[in-house]
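In: Sharing a model prediction with you, sequence too.
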Amino acid sequence: MKKFTRYCSAALCLGAALLLSTTCFAQATPFLAAGSSAAFNAMAIGGAIGATPAICTNTPNNSTLADATNVYIWSQTGKSGHTYFSGQDNRASGLDLQNAKGWIEWSGSADGTTLTGVCVYLAVDSIVGQRLFFATNSGGGPAGTIDFAGGCSSGFPIAGDNQVPLFPADTPLPAAICTFLNGKPFNAAPTDIRAEDASFGTLRACGSYNATGTFLGYTCTLPTPTEILSGVHGSTGKVQAVNYAISGTDPLSSTQIAHSKLGMDGAPWVSINGGGQAVLVLVNTSDTATNGFGSTTFNNINRTDLARVFTGGATRTRDVIGGTGLAAKPLTALVREPLSGTFNTFEFQVTRTLEWNHTQEDLTNNSGGLIASGIGIAAPTGWANENGGTSGNPLDWKKTSTGGLKVRVIGTGEMVSTIDTNGLFDANGTNALTNQIGYAFFSFGNVKGAVGAAKYLLVDGVDPLFDGGSGPNQNPSGAGSGALPLCTGTGCPNGVTLTNIANGSYPIWNFLRVVTTGPLGGFIASNGVVTGCVSGATVCQMVQAMQSSFSVIPDLVPISKMDAFRSHSSFAGGVTFPPHNGYKHYTTGVTNTPCGFAPVTGASVQYECGSDVGGGRYLIQQELDYNTDAAAELLTDKQ
């Protein structure tokens with residue numbers, strides 16, 4: 001089998017896989033990912049131009065990617081009528097298809113009759129992507145698969161939706177690609193938060209409801225897992241809350257998880273740091289009055305004010321614009337679903353911090369007390385449940401004294417489109433969404449639709465996209481203006497600087513990670529930075545290729561350019577993942593976790609372990625010096 005490469009023919013791979021094993025599939029499908037939208041463009045570009053030969057496409061025959069005639073990519077919006085492939089958790093019947101925007105790249109011929117490699121990206125929520133990766137069936141194999149619900153026999157080729165910039169126009173998707181991919185398991189999960197934090201986010205959503213927001217009361221077990229619903233009128237947005245495990249046995253199939261030393265892989269899963277990314281605070285700009293979010297004087301929000309907006313304490317625009325004497329006007333706070341990496345990053349860096357220990361699910365009642373929305377909530381005084389029922393699902397609450405709204409949105413796409421669109425209403429269709437405020441991880445693709453209709457705010461006076469006070473490179477529309485950038489043509493290497501993400505001074509940021517199998521993710525690292533990949537580790541190679549894409553479209557900070565990290569804390573979910581920042585070496589691995597082990601021969605040991613989504617920010621050099629001075633790590637500190 002070692003003689004096979006990803007360049008074997010489709011027929012040879014299929015035959016070999018049926019007769020021998022899945023090794024050839026792994027090499028013909030170097031990257032089948034479901035996860036964060038933040039890396040959607042960067043991974044596509046990296047798969048085409050980040051390595052030689054290209055990992056996912058034919059090596060471009062033109063130095064300008066858009067002019068290459070041998071690069072084949074197809075994409076879908078994931079919207080109604082434009083969802084052709086989805087993610088399916090096959091552990092039980094009745095689990096929802098996970099629909100999202102996505103792309104497919106392939107090498108060989110445009111019509112798929114010659115097929116040497118295929119890559120996939122489905123931009124679901126980070127936690128959903130990790131569930132699709134970790135879910136294990138009763139036979140011990142991966143249960144999260146690519147699903148073409150309409151089959152592969154008719155309607156092909158399918159025109160694409162041109163969702164990835166800088167590429168040639170989409171190549172129509174041939175039936176051969178559908179046939180090859182249908183039913184293949186996902187082998188990678190790009191994620192905004194570590195696997196430990198994603199697992200905690202699921203456990204928190206699934207625990208019995210309490211008013212402090214420790215647990216939110218959604219049902220995550222069979223036969224009827226809860227669908228967390230959008231609170232936007234006319235939206236079909238939803239995400240299903242379903243348990244999974246990152247160690248031990250799968251909670252639905254009661255089988256050892258496939259991606260573990262004791263499971264089918266025979267090797268622990270791997271988490272690879274891919275780059276630093278910013279969470280933007282976004283506001284609709286249509287109301288340009290002095291008490292509207294479109295006012296040119298409103299360009300900054302402090303974290304304490306931001307926390308009060310998202311815990312239901314500040315429900316008027318004048319509560320955050322600044323000054324006194326402005327007329328009262330209601331705002332609309334848009335909240336992501338708890339199974340979102342973006343939700344959890346914002347939660348533990350803004351609303352559930354040591355400084356402000358509450359939750360985005362909170363509502364502030366008339367006496368100043370806070371009560372979390374969830375399944376089992378008792379309506380707080382001063383708020384009306386506008387969802388037509390008595391539960392907190394969908395989240396759709398109105399502050400009766402101010403008219404301020406708090407509304408659930410599902411997914412990055414709905415968050416951004418709800419912020420940048422005027423004339424929308426909440427779930428019951430009677431309350432207009434005005435002066436919307438929300439948040440999303442930055443990428444040029446994520447904010448493209450909002451350019452000209454929304455702006456980002458500085459947080460605590462720090463600009464997330466440009467230098468601000470850290471240097472000379474300012475927003476081209478004016479320092480602190482919040483104008484959202486576009487990336488067009490052949491690229492935008494200087495489109496943003498992300499200076500204050502690299503140095504950690506902007507308060508809402510995290511590392512993007514890619515979780516994958518040991519064989520596909522085995523990396524070689526120095527001081528926490530991946531410098532190479534072992535043979536056959538194609539997902540590791542894709543993460544490396546993505547680093548190259550940042551010079552073309554700087555959606556993230558290359559991991560080698562990050563000067564800051566977040567302190568790690570322990571995570572206990574069946575087995576304890578102790579805290580390790582990843583820079584100091586230790587000699588004893590942690591049983592039933594990837595921590596302290598090399599996944600495969602020749603790979604570096606994985607020293608990073610535990611939760612970091614709410615960790616305090618330190619400079620990496622300070623950690624390295626502390627490793628030397630005290631033989632210890634900067635652990636368990638919180639933001």
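Out: That came through, no problem.
In: what residue of the protein is the furthest out?
Out: Most distant residue from the mean C-alpha position of the chain: G325, 40.2 Å away (Cα atoms, centre = their mean).
In: How confident is the prediction for that residue, by pLDDT?
Out: In this prediction, G325 carries a pLDDT score of 92.
In: Could you do the one 4 residues further on as well?
Out: Looking at K329, its pLDDT reads 98.
In: quick one: it and N291 touch, right?
Out: Yes: the pair K329 / N291 is scored as a contact, 5.1 Å apart, by Cβ atoms under 8 Å. C-beta here means a position set from N, CA and C on the backbone, and glycine is covered the same way.
In: shared neighbours of these two, anything?
Out: Residues touching both K329 and N291 by Cβ atoms under 8 Å, 6 or more residues apart in numbering: 317-318.
In: Can you report phi and psi for S37?
Out: phi -70, psi -20 (degrees, to the nearest 10).
In: distance of it from N510?
Out: In this structure, S37 and N510 are 14 Å apart, going by Cβ to Cβ, to the nearest Å.
In: cool, G376 as well?
Out: As for G376, its distance to N510 is 30 Å (criterion: Cβ to Cβ).
In: Give me the more crowded residue out of these two.
Out: A direct count of neighbours by other Cβ atoms under 10 Å for G376 and N510 places N510 higher, at 29 against 16.
In: Next SSE downstream of the helix or strand hosting the more buried one?
Out: Using DSSP states H and E, N510 sits in strand 509-516. The C-terminal neighbour of strand 509-516 among helices and strands, as given by DSSP H and E, is helix 518-521.
In: helices or strands next to that next one in the packing?
Out: The helices and strands touching helix 518-521, judged by 3 or more Cβ pairs under 8 Å, 6 or more residues apart in numbering; DSSP states H and E, are strand 270-284, helix 538-549.
In: what's the closest of those to I45?
Out: Closest to I45 of the helices and strands packed on helix 518-521 is helix 538-549 (Cβ to Cβ; 3.9 Å).
In: Now do that closest one against strand 270-284: the angle between them, please.
Out: 40 degrees (axes from the mean of the first three to the mean of the last three Cα atoms, to 10 degrees).
In: Put the alpha carbons of helix 538-549 into CSV.
Out: Provided in CSV are the C-alpha atoms of helix 538-549 (Å, rounded to 0.1, in the frame of the first residue of the first chain):
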residue,chain,number,x,y,z
THR,A,538,-1.9,15.6,4.5
VAL,A,539,-4.1,17.6,6.9
CYS,A,540,-0.9,18.9,8.5
GLN,A,541,0.3,19.8,5.0
MET,A,542,-2.9,21.8,4.4
VAL,A,543,-2.4,23.8,7.6
GLN,A,544,1.1,24.6,6.4
ALA,A,545,-0.3,25.5,3.0
MET,A,546,-2.9,27.8,4.6
GLN,A,547,0.0,29.8,6.2
SER,A,548,1.1,30.7,2.7
SER,A,549,-2.3,31.9,1.8
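In: Touching the helix or strand following that helix from outside, list them.
Out: Once the chain leaves helix 538-549, the next helix or strand it forms, by DSSP H and E, is strand 557-558. Contact partners of strand 557-558, identified using Cβ under 8 Å, 6+ apart, comprise 275-277, 498, 501-502, 547, 550.
In: Pull the contacting residues for V120.
Out: The neighbours of V120, taking Cβ under 8 Å, 6+ apart as the test, are 29, 31-33, 85, 102-104, 146, 181, 186.
In: Give me the subset of those residues that lies in strands.
Out: 31-33, 102-104, 146 (DSSP state E).
In: Mind pulling up the pLDDT for G139?
Out: Value listed for G139 in the pLDDT field: 97.
In: hmm, back to that, just curious, which of the contacts of strand 557-558 is nearest to L203?
Out: Using Cβ to Cβ, these come closest to L203 at Q277, 24.1 Å.
In: what's the neighbour count on that closest one?
Out: Quick note: Q277 (other Cβ under 10 Å) scores 26 neighbours.
In: got it, and the one 5 residues further on?
Out: Burial of L282 is recorded as 28 neighbouring residues (other Cβ under 10 Å).
In: Isn't it up against A454?
Out: Yes: counting by Cβ under 8 Å, A454 is a contact partner of L282 at 5.1 Å.
In: Quick check: neighbours shared by the two?
Out: Shared contacts of L282 and A454 (Cβ under 8 Å, 6+ apart): 416, 419, 447.
In: Dump those residues into JSON lines; add neighbour count, pLDDT and distance to N527 as well.
Out: Shown next, in JSON lines, are the shared contacts of L282 and A454 (neighbours: other Cβ atoms under 10 Å; pLDDT from 0 to 100; distance: Cβ to Cβ, whole Å):
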{"residue": "V416", "neighbour count": "26", "pLDDT": "97", "distance to N527": "36"}
{"residue": "I419", "neighbour count": "28", "pLDDT": "98", "distance to N527": "39"}
{"residue": "V447", "neighbour count": "24", "pLDDT": "96", "distance to N527": "32"}
